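S.K.: I need the structure of the sequence given here:
(chains A and B, ligands or ions: 1)
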Amino acid sequence: MPPVIEQPGTEEVHPDVALVDAARHGDTAAFEKLVRQYDRQIFRVAQHITQNREDAEDITQDVFMKAYGKLNQFQGNSKFSTWLTRIAVNESLMRLRKRKTSRTVSMDQDVQTEEGSIPRDFADWTPDPEQQYGSAELGEILKRTIAGLSPGFRTVFTLRDIENLSTEETAEALGLSVPAVKSRLLRARLQLRERLSRYLKRKDGSIKP
Amino acid sequence: MTCTDFLSKMTDYFDGEVEPELLTEIQSHLAECDHCEILVDTTRQTIRVYRDHQVFELPNEVRERTVARIMAACVKH
Ligand SMILES: [Zn+2]
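M.R.: Next comes the predicted model:
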């Protein structure tokens, strides 16, 4: 066999790989480490998608139980966290579908809408929203604003911008192509910006000096 | 470059994924277009404010209960 010349850095193995491997062989402590590493993130993603705390708690539990049962299906070619996120997204969309029986809910829902795709509000914002609103009040504004986006848009924004997944990881977790993620992300960001502008624009309407 | 041209490149611009030539065009558009400059600023703020304020956190008691349930199910598995 010819020698394999590795690019610098490619031989680096993510520490999760060893934990997953140990868990596969029955090391439950290794699995618990993985759970504690990602449970908060999975919970946040689930609550952003479902907008329901109880659902998010149930989903967090289900995601890790399912993952444990499917550990053998995990291929090392994606990150373990991305793989978990994909399970969480699917579980969350399923819950949404169950709750809203009359409406279909999927990653494609409402993506045809042009709402917010064309920016309209060009007022400058207050440089420091944390000064203008108390932390609890600002939290309420942020929750209300993202809740107004369709599930497909708020999911893309949550993974890419809130949880800081790369565009490629987001695409993998959502089962979408990279260009589809980019176009949805743009629209999700523009819609959120437009909606947040109502609260965060400078009250005197002036623009930056 | 028109505002619509800029908008179609904004995601790549945020990700630092534009070729140097295009970057120069974008920068000169932003220097002369107040609307797009504000759009960039306020979109960046939108992302920042959501990153800085995690609105949904898993409370500790719920977390411990959840981890315990998961681990109990795994042991049985
Ligand atoms: Zn412009």
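S.K.: Closest to the centroid, which residue in chain A?
M.R.: Central residue of chain A (C-alpha atoms, centre = their mean): A:Leu159, 2.3 Å from the mean position.
S.K.: any idea how far it is from A:Lys70?
M.R.: In this view, A:Leu159 and A:Lys70 are 20 Å apart by C-beta to C-beta, to the nearest Å. Heads up, the C-betas are built off the backbone N, CA and C, glycines and all.
S.K.: how far does stretch B:60-77 sit from the chain's center?
M.R.: Offset of stretch B:60-77 from its chain centre (C-alpha atoms, centre = their mean, to the nearest Å): 32 Å.
S.K.: For that stretch, give the mean pLDDT please.
M.R.: The average pLDDT for stretch B:60-77 rounds to 92.
S.K.: Surely the residue nearest to the centre of chain A is within a helix?
M.R.: Yes - counting by DSSP: H, G, I helix; E, B strand; the rest coil, A:Leu159 is located in a helix.
S.K.: tell me which parts of chain B are close to the ion?
M.R.: Counting by C-beta under 5 Å from the ion, the residues of chain B close to the ion are B:3, B:33, B:36.
S.K.: Which residues are in contact with the first one?
M.R.: Right, B:Cys3. B:29, B:33, B:35-36 (C-beta atoms under 8 Å, 6 or more residues apart in numbering or on different chains).
S.K.: Residues in contact with the lowest-mean-pLDDT helix or strand in chain A: which ones?
M.R.: Lowest on mean pLDDT, DSSP states H and E among the helices and strands of chain A sits helix A:129-132, with a mean of 88. By C-beta under 8 Å, 6+ apart, the surrounding residues in contact with helix A:129-132 are A:126, A:138, A:199-200, B:45, B:49.
S.K.: among those residues, which ones are buried?
M.R.: By neighbour count, with 16 or more other C-beta atoms under 10 Å in any protein chain shown, the contacts of helix A:129-132 hold A:138, A:199-200, B:45, B:49 as buried.
S.K.: picking that back up, out of the contacts of helix A:129-132, which one sits closest to the ion?
M.R.: The ion lies nearest to B:Gln45 out of the contacts of helix A:129-132, by C-beta to the ion, at 17.9 Å.
S.K.: so where's the chain shaky on pLDDT?
M.R.: In the absence of a named chain, this looks at chain A. For chain A, applying pLDDT under 70 flags the ranges A:1-11, A:101-116, A:204-209.
S.K.: my bad, the chain I had in mind was chain B
M.R.: B:77.
S.K.: Okay, and the nearest residue to A:Arg53 once chain neighbours are set aside sits in which element?
M.R.: Sequence neighbours aside, A:Gln47 is the residue nearest to A:Arg53 in space, at 6.2 Å (criterion: C-beta to C-beta, 6 or more residues apart in numbering or on different chains). A:Gln47 is part of helix A:28-50 when elements are defined by DSSP states H and E.
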